[in-house]
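In: kindly return the folded structure for what I paste below:
(chains A and B)
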Amino acid sequence: MSRRINFRRLGVLVIVLALFAAACGDDDDTTTTTAAAGGEFTPGPLGAVTVAPGASIEIRALQAISGEVSFLGTDQVRGMELAIQDYGDVLGHSVNLGTPEDDLCSAEGGQAGAQAIVAQDGVVGVVGTTCSGAGAAAAPIFDAAGMVLISGSNTSPSLTSDLAGTAGENWYPGYYRTAHNDLFQGATAARFAFEELGLTTAVAVHDGDPYTQGLADAFANAFTELGGTVTIHAVNKGDTDMTGVLTNIAADGPQIVYFPIFQPEGDFIIQQQGGIAGLEDAVWMGADGLITDGFLALPETEGMYFSGPDLRFGTNASSTGTNYEQLVAAYTAAYGEAPTAAFHAHTYDATVLLLTKIQEVAVQDADGTLHIDRQALRDALYATSGFAGVTGTLSCDEFGDCGAQTISVIRNDDPTDVAAGKANVVYSFAPGA
Amino acid sequence: MASRALPKLRLNADGPTLAVEVFLFALRVLLIIFAAWAVVGTIAIQVEGGGLTGRAWRDLFVGGLAQGFMYGLIALGYSMVYGVLGFINFAHGEVFMAGSMTGFFVADALFDSGMWESAFPLAFVIVLLTAVVTSALVAVIIERVAYRPLRGAPRLIPLITSIGMSFFVQYAVKGLVGDGFKNYPQLPAGLQDRVSFLGLDIEGIKLFVIVTAIVSMVALWLFVERSKTGRAIRAVSEDKEIAALMGIDVNRTIVTTFAVGGAMAGVAGLLWAMLFRKVYFLTGFLPGIKAFTAAVLGGIGNLVGAMLGGVTLGLIETSGPTLLNGLAWKVPTLVAFGIGALGVVAAVIGVARFRQANPRTVGSALGMFVVGTAAAVWGFVVLPGAQVVIPGTSQLKDMIAFVVLIGVLMIRPIGLLGERLAVEERG
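Out: A predicted model of the protein is given here:
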């Protein structure tokens, strides 16, 4: 018995020591930056970054740049590179991207990548992550380090808020995104199905991934709110035989099946539904994860609907003067191929936004030394309003949702012409407008 | 530190401890209770007019059969190799994938030439031959380079080698053809439609898969049971030394075994590709594991068992999640009280048996008491009107399949039909 109490005491002692050490660590950080800052500049509660004359401003990329999803992350790193190039120097300091860290599109990758970045000296902000799951793991680490994280492609509602004033479970201060919140996508898909198509019974299918689950839930909630009935079904990543789940879906008698999942499970569902009694008249709808050339080319996807971010950016021009057409031209010239995924423009905007805000809050000494206050940078980002981006006008809310949020629905009329299918927008909805 | 540990009541020198015995007994009972609840619940929901329609059950059944026969075809390869060499060839899933992948290139070429549409039966035979020959060849090559040099080694060595071989083949294929999905051409119109068979209106392709699988299995069975080579295989699996003394070329027989098992995997690979129309370098992994499960379920080393295990696994996989929905049946109070009463009886009997202090039954007696008490509490307190709604049951299909596997093996460790090619009359 007495031994146990000893252990408890020891545990308390360890925690106290750890807290003490952490507090000391913070102090150290602040004092060094203060010392370097000299005279007038006083850093805020999160400390500040000092950039010596002639030194670069350090920002970093945390994107999925390996494995099956590397086409997503690479696309976004390129968006960052083009943005840095277009933006040019910040108050006479060049901007250094360093080596992109890999978020592996997983929580583990997001955590490891974030830790690698916070261990580096003088990093002001990070653009990433590619995947919401990685973002959820990375956000607390960057928050603790006082940095900012801006994503061009995270869409999970849990990272920001429910849009009704309640923070999501993975929300941390210092997190922003220029991509849409999936609540908007789910709501738009539901609105389209209920109001445009006049359907009242639906099934939503997810694969257990936070992104697909969040989107399926968002759709289900919005559809129920509109007055429809909806049931949620689930598959596993790696499933091939969908007979069981399709039969159970058929038993619910849906007029529309919304399956915002990925390949290849999406392929198996759409290819096997033909053999299931009761699904003959169902309308099929996917989300941006399935808007890929391979999926749209499947003959079975003819007539299918897809929700996704509205990529018709038109002549929207970024504050750098670049519009989407010019961005794609620069992209193609620099990398020798057309953009490989959908979120390079959002990432471009995220990077320009970060650099603009750094420039806004930076205090410059007479010798050219820059002081970037971390808290001021966060505040400035939260205060973003009416910021011109390639993807539209960006305004951040208190939970870091900054995206233009316009969601569109496309219909794949001809699987032999994928490009036409992607451009065939049948519905578009901007919640703010 | 005086010894405060519970004195372990050892039943005999090698036997499990009391705690383990109680745990195992409780686990068995729990599995059976849940299975019964699910089945009864499903039937009750069905009777009450809810649940799936007859057509839906038919779709589940046919889908499960098609899936199961493919597992069975792959499982044959595991079983045959186990029967002859006594180890699990984990690279067998890759043999299956290799057939499927080669089949794709031929099918794609035939589709481009128009033959896939105009003369499908001929095209199918060509693709089937390609897949079968490739798979058989890959299996034979694996045996030659990876297993034969290890013939005398302990069984664990070739097992590890087979896992290595599995990775090697996967990534060799990835290197050769890339990591993207290969889409098989669409089937000709006739196979996509539903056809009427024995009064059942089922999908043409699934019927096609089932019939092809059955024909292949019967052919294999006749080969092993009736042909001279088949007899040699059986003899080698019985005892290699004696077989060699009888003038059987053991190495040749083993090669034949691998070739035949590989050929079956090739057939399965093509059927898989026809049904799911997608193949990539990791396609073989999961079906391989499942087929191995099927082989164990049916009794490893036993050919009929492999087929039966495959079909059982396929049926459980497709209909298991639906049966799990049966837990959503609101248990009527009468039934709940009945279970509670049974629990009380079981607990009382358990106590009575425990007091006899027979070391052989003390574990199960204690188990009966524990489970009986739990069931009584459960039946009287929790169960009346209880309803378990599990969201996303379809995600649990693999779990259900493996729980059933564990359940079967706990009750019958040698599998459904037993390990026939193993000990037997060797005595």
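
In: got any ranges where the chain has weak pLDDT?
Out: Defaulting to chain A. A:1-39, A:431-433 (pLDDT under 70).

In: think we crossed wires, I meant chain B
Out: B:1-16, B:198-199, B:420-427.

In: which residues sit in contact with the residue of the stretch 301-427 of chain B found nearest chain A?
Out: When distances are taken as Cβ to the nearest Cβ, the stretch 301-427 of chain B reaches nearest to chain A at B:G392, 3.1 Å away. (Each C-beta comes from the backbone N, C-alpha and C, glycine too.) The contact partners of B:G392, taken as Cβ atoms under 8 Å, 6 or more residues apart in numbering or on different chains, are A:206, A:208, A:232-234.

In: now rank those by neighbours and give me the top one.
Out: A:H206 (25 neighbours; other Cβ atoms under 10 Å in any protein chain shown).

In: so it touches A:Q213, yeah?
Out: Yes: with contact defined as Cβ atoms under 8 Å, A:H206 reaches A:Q213; the gap is 4.5 Å.

In: tell me the domain ranges of chain A?
Out: Using automatic domain parsing, the domains assigned to chain A come out as A:49-179+A:312-402, A:183-307+A:408-429.

In: for chain B, find the nearest of these.
Out: Closest of those to chain B is domain A:183-307+A:408-429, at 2.9 Å (criterion: Cβ to the nearest Cβ).

In: ends of that closest one, how far apart?
Out: Distance across domain A:183-307+A:408-429, first residue to last, is 13 Å (Cα to Cα, to the nearest Å).

In: does that domain come close to chain B?
Out: Yes: counting by Cβ under 8 Å from any Cβ of the partner chain, chain B has neighbours in domain A:183-307+A:408-429: A:206, A:208, A:232-236, A:238-241, A:243-245, A:247-248, A:250-251, A:263-264, A:267-268, A:271-272, A:274-278, A:294, A:298-299.

In: specify the local secondary structure of A:S307.
Out: Assigned by DSSP: H, G, I helix; E, B strand; the rest coil, the conformation of A:S307 is strand.

In: check the one 5 residues further on too.
Out: Under the three-state scheme (three-state DSSP), A:R312 adopts coil.

In: then A:V426?
Out: Relying on three-state DSSP, one would call A:V426 strand.

In: I figured it hits A:D413, correct?
Out: No: applying Cβ under 8 Å, one finds A:V426 not in contact with A:D413, separated by 9.5 Å.

In: residue closest to the middle of the chain?
Out: You didn't say which chain, so I picked chain A. Chain A has A:N154 as the residue nearest its centroid, 1.5 Å off, counting by Cα atoms, centre = their mean.

In: can you look at chain B instead?
Out: Most central in chain B (Cα atoms, centre = their mean) works out to B:A294, at 1.9 Å.

In: how about that residue, phi and psi?
Out: Dihedral pair for B:A294: phi -60, psi -40, per degrees, to the nearest 10.

In: helices of chain A, start to end?
Out: Ranges of helices in chain A, per DSSP state H, are A:2-37, A:70-87, A:107-118, A:132-144, A:182-191, A:210-226, A:243-251, A:265-272, A:293-296, A:324-335, A:344-361, A:374-382, A:418-423.

In: adding distance to A:E398 and mean neighbour count, write the ones you listed out as CSV.
Out: Putting those into CSV (distance: least, Cβ to Cβ, whole Å; neighbours: other Cβ atoms under 10 Å in any protein chain shown) gives the following:
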stretch, distance to A:E398, mean neighbour count
helix A:2-37, 25, 11
helix A:70-87, 25, 23
helix A:107-118, 23, 21
helix A:132-144, 15, 24
helix A:182-191, 16, 27
helix A:210-226, 20, 22
helix A:243-251, 39, 25
helix A:265-272, 35, 22
helix A:293-296, 37, 18
helix A:324-335, 29, 16
helix A:344-361, 16, 26
helix A:374-382, 6, 21
helix A:418-423, 34, 15
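
In: nearest to B:P359, out of those?
Out: helix A:2-37 (36.4 Å; Cβ to Cβ).

In: secondary structure element holding B:A295?
Out: helix B:285-298 (DSSP states H and E).

In: enumerate the positions of that helix that are buried.
Out: B:285, B:287-288, B:290-298 (16 or more other Cβ atoms under 10 Å in any protein chain shown).

In: do stretch A:168-181 as well
Out: A:168, A:170-181.
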